[in-house]
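In: Compute the structure for the input listed below.
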Amino acid sequence: MSRTFSLEAECLGLRLRAGTEVVCRGGNLWLTFEVPGRPSPDVLLAPGECHRLQADAEVFVAALHGAGPALCRIDAPPRRAGQRRFSWLRGARAS
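Out: Purely as a prediction, here's the structure:
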């Protein structure tokens, strides 16, 4: 499953499965991962770059502050029986 969206001033929270790829299609993306008990790792993506999740994670995606809007594509691996699609986190804002 693939989904593309634009971000400008908002931060979008997603719950993503292992194997999901986050692709920067334009602008610059800032990814922050929710990791209980440790500092949250950050990943910056330029146009054409991608990041593949090695484990299920809560990911916050935003356009890099001051760099203008960004275009993000999420490519989730095919679901197996009983698996959920990626989901928006409560309280996160989508454009």
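
In: Could you say which helix or strand holds residue 67?
Out: Using DSSP states H and E, residue 67 maps to neither a helix nor a strand.

In: Just confirm it contacts residue 28, I think it does.
Out: Yes - using Cβ atoms under 8 Å, residue 67 and residue 28 qualify as a contacting pair, with a distance of 4.6 Å. C-beta coordinates here come from the backbone N, C-alpha and C atoms, glycine included.

In: Which one's more surrounded, those two?
Out: residue 28 (19 against 13; other Cβ atoms under 10 Å).

In: can you give me phi and psi for the residue nearest to the spatial centre of the chain?
Out: Note on the chain: the residue nearest the mean C-alpha position is residue 61, at 4.6 Å, using Cα atoms, centre = their mean. With angles defined as degrees, to the nearest 10, residue 61 sits at phi -120, psi 130.

In: Show me what it is bridged to.
Out: residue 12, residue 31 (DSSP bridges).

In: so how far is residue 55 from it?
Out: As for residue 61, its distance to residue 55 is 17 Å (criterion: Cβ to Cβ, to the nearest Å).

In: do residue 64 as well
Out: Look at residue 64 and residue 55: by Cβ to Cβ, they are 24 Å apart.

In: okay, those two: which has more neighbours?
Out: Shown here are residue 64 and residue 55; by other Cβ under 10 Å, residue 64 has more neighbours (16 against 10).

In: list the contacts for that one?
Out: Under the criterion of Cβ atoms under 8 Å, 6 or more residues apart in numbering, the neighbours of residue 64 are 27, 28, 29, 30, 44, 70.

In: let's see 10 Å
Out: Residues in contact with residue 64 (Cβ atoms under 10 Å, 6 or more residues apart in numbering) are 7, 24, 27, 28, 29, 30, 44, 45, 46, 70.

In: Next one, pLDDT for it please.
Out: For residue 64, the pLDDT comes out at 85.

In: One more: residue 35?
Out: Note on residue 35: pLDDT of 74.

In: Settle this for me: it is touching residue 41, isn't it.
Out: Yes - between residue 35 and residue 41 a contact is recorded at 6.7 Å, counting by Cβ atoms under 10 Å.

In: Right, I'll call it a day here.
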